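Chemist: Everything below, folded, please.
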Amino acid sequence: AKANPMGKGLGASPGAACGKIVFTAEDAKEWASRGEKVVLVRLETSPEDIEGMKAAQGILTVRGGMTSHAAVVARGMGKCCVSGCGAINMDEANKQFTLAGKTYHEGDWMSLDGSTGNIYDGAMPTVDANVGGDFGRIMAWADKFRRLKVRTNADTPADAARARSLGAQGIGLCRTEHMFFEADRIAAVREMILADTKEQREKALAKILPMQQGDFEAMYKALEGKPMTVRYLDPPLHEFVPHVDMKEEIDELAKNLGITSEEVIHKINALHESNPMMGHRGCRLAVTYPEIAEMQTRAVLQAAIDVTRECGYNIVPEIMIPLVGSKKELAFVKSIVDETAKKVFEEQGMTLEYHVGTMIEIPRAAVTADEIAEEAEFFSFGTNDLTQMTFGFSRDDAGKFLGAYYDNKIFESDPFARLDTDGVGKLVQMAAKLGRQTRPNLKLGICGEHGGDPSSVMFCHKVGLNYVSCSPFRVPIARLAAAHAAILEKMGK
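Modeler: A predicted model of the protein is given here:
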């Protein structure tokens, strides 16, 4: 029997999910621990929802596009997600929402199709996807023809191992902030953010260092000598602190810091920004608080040394400084990395080759890539943010008006899902050309979600990139697309 969808959003992460509706990450985790299957329904997700997202069968959000937090994280986990269903009338306070004239409460069953974006009432049976023997044979043929390497975006050893099994040749983007949200370390991270002095900050960072180093050791072991690009802390700091109405968390934080709850709330409010995507984030955090970059450098290099000693792999750490817009900015952060590396190598009685590069995600960086390449040893194009900044669209809000753009044939496809080769692509091409004029052996990759889109992969091949990086489950798509691009080039097309 054919089921009729009762609503539709964006098919943000493929797969099917069926479960009982819950409205918070805490509930998702708690219900799942009792053996219940749940679908997490949120206005939008943020990094603190990560545990609940892991526990859910699928995720449904009212806001957000193809590169919203929910979409990107769900794809990385291989979890079904439908985002941007604006038709939902949400009532979070009473744990209910209305869609297509019906009110759904916590505990009601619903089903999602992450490929089409369809939302169904009630429970529908689902089957697990499986990969047969023919798949392996086709992939082996694809690997014979392609020139582009395919890496994955992964932040956990489990994701790294899964991507390796799907043919990834390393990690093109390890987002270090995802490691900060684990329950055992978020307290120390919040302590660092709300510290008043450098000494207080360094004390908190000293607690985070062994945890972060342990994460990198586990990643390097899972990769068995394959390369990993580690992106330094990127999101605005307010994402790590509790909301001002989360009384328990705020009281606990006040107790840990030895200050009053009012003072904590005051500090949290002070972190507020009008436009956080363009605010105090990326390399700007390292410029303001160099000790964060020091801690992360120490964690990466000490982990690489320990795993090299233990397992004998030839590890060459790749350190990526995000959101750089000028050469001097990168030179400043790179000098912190180099000074810290010198100290670590002296302490450890061992040196390692390592590379410092940057993400090209601000148009100014693309336009001045020849200067930036004097400092950067590699570029990785962060095409999610580069698309956002080039179009002047907020990727979390664009879903509200893009529908009208498709209907009126202004756009043929979502620029966050398929690379806009005429505009954003020109910036990529220009940066690649300018960068290699300065540094002919400059390694170039792409780590935005476009790395798993076939037409975008073809474009990356044409402009001479070395690799594409995408979420683990899209690795086979990228391998196949890279082979198509090489074959079409041979045929002169």
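Chemist: Wait, residue 23 touches residue 45, no?
Modeler: No: using Cβ atoms under 8 Å, residue 23 makes no contact with residue 45, being 11.8 Å away. All C-beta spots, glycine's among them, are computed from the backbone N, C-alpha and C.
Chemist: okay, these two: which has more neighbours?
Modeler: More crowded of residue 23 and residue 45, by other Cβ atoms under 10 Å: residue 45, with 25 against 22.
Chemist: Just the element for the nearest residue to that one once chain neighbours are set aside, please.
Modeler: Distances taken as Cβ to Cβ, 6 or more residues apart in numbering put residue 70 closest to residue 45, at 4.2 Å, once the chain neighbours are dropped. Using DSSP states H and E, the element containing residue 70 is helix 69-77.
Chemist: list the helices and strands that helix packs on?
Modeler: strand 10-13, helix 50-55, strand 58-61, strand 80-83 (3 or more Cβ pairs under 8 Å, 6 or more residues apart in numbering; DSSP states H and E).
Chemist: what comes into contact with the first one?
Modeler: With Cβ atoms under 8 Å, 6 or more residues apart in numbering as the test, strand 10-13 has contacts from 59, 64-66, 68, 70-71, 74-75, 78-85, 113-117, 399, 414.
Chemist: Please indicate which of those are buried?
Modeler: By neighbour count, with 16 or more other Cβ atoms under 10 Å, the contacts of strand 10-13 hold 59, 64-66, 68, 70-71, 74-75, 78-85, 113-114, 117, 399, 414 as buried.
Chemist: Contact partners for residue 261?
Modeler: Residue 261 makes contact with 247, 250, 251, 254 under the criterion Cβ under 8 Å, 6+ apart.
Chemist: so which of these is the most crowded?
Modeler: residue 250 (20 neighbours).
Chemist: From residue 27, how far off is that one?
Modeler: 20 Å (Cβ to Cβ, to the nearest Å).
Chemist: Could you give the backbone dihedrals for residue 117?
Modeler: Residue 117 adopts backbone torsions of phi 90, psi 0, taken as degrees, to the nearest 10.
Chemist: any idea how far it is from residue 399?
Modeler: Residue 117 is 11 Å from residue 399, by Cβ to Cβ.
Chemist: now residue 63
Modeler: To residue 399, residue 63 is 7 Å away according to Cβ to Cβ.
Chemist: Identify the contacts common to these two.
Modeler: Common neighbours of residue 63 and residue 399 are listed as 83, 84, 86 (criterion: Cβ under 8 Å, 6+ apart).
Chemist: Identify the residue nearest residue 489 in space, chain neighbours excluded?
Modeler: Nearest residue to residue 489, sequence neighbours excluded (Cβ to Cβ, 6+ apart): residue 461, at 7.1 Å.
Chemist: same thing with residue 149?
Modeler: residue 467 (3.8 Å).
Chemist: and residue 30, what pLDDT?
Modeler: Per-residue confidence (pLDDT) for residue 30: 95.
Chemist: rewinding a little: list the buried residues of whichever strand or helix holds the residue nearest to residue 489.
Modeler: Assigned by DSSP H and E, residue 461 falls within helix 454-462. Across helix 454-462, burial judged by 16+ other Cβ under 10 Å covers 454, 456, 457, 458, 459, 460, 461.
Chemist: Please tell me the pLDDT value assigned to the fifth one.
Modeler: pLDDT for residue 459: 97.
Chemist: change the start of the numbering to 15 and stick with it
Modeler: Got it, the first residue is 15 from now on, which makes the last one we talked about residue 473.
Chemist: so it makes contact with residue 439?
Modeler: Yes: taking contacts as Cβ under 8 Å, residue 473 lies within contact range of residue 439: 5.8 Å.
Chemist: between these two, what contacts are shared?
Modeler: By Cβ under 8 Å, 6+ apart, the residues touching both residue 473 and residue 439 are residue 433.
Chemist: How far away from the center of its chain is the helix holding residue 84?
Modeler: Relative to its parent chain, helix 83-91 has a centroid offset of 8 Å by Cα atoms, centre = their mean, to the nearest Å.
Chemist: List the buried residues in stretch 346-362.
Modeler: 346, 347, 348, 350, 351, 354, 355, 358.
Chemist: ditto for stretch 193-210
Modeler: By 16+ other Cβ under 10 Å, the buried positions in stretch 193-210 come out as 193-195, 199-209.
Chemist: try stretch 452-461
Modeler: For stretch 452-461, the buried set under the neighbour-count rule, 16+ other Cβ under 10 Å, comprises 453, 456, 457, 458, 459, 460, 461.
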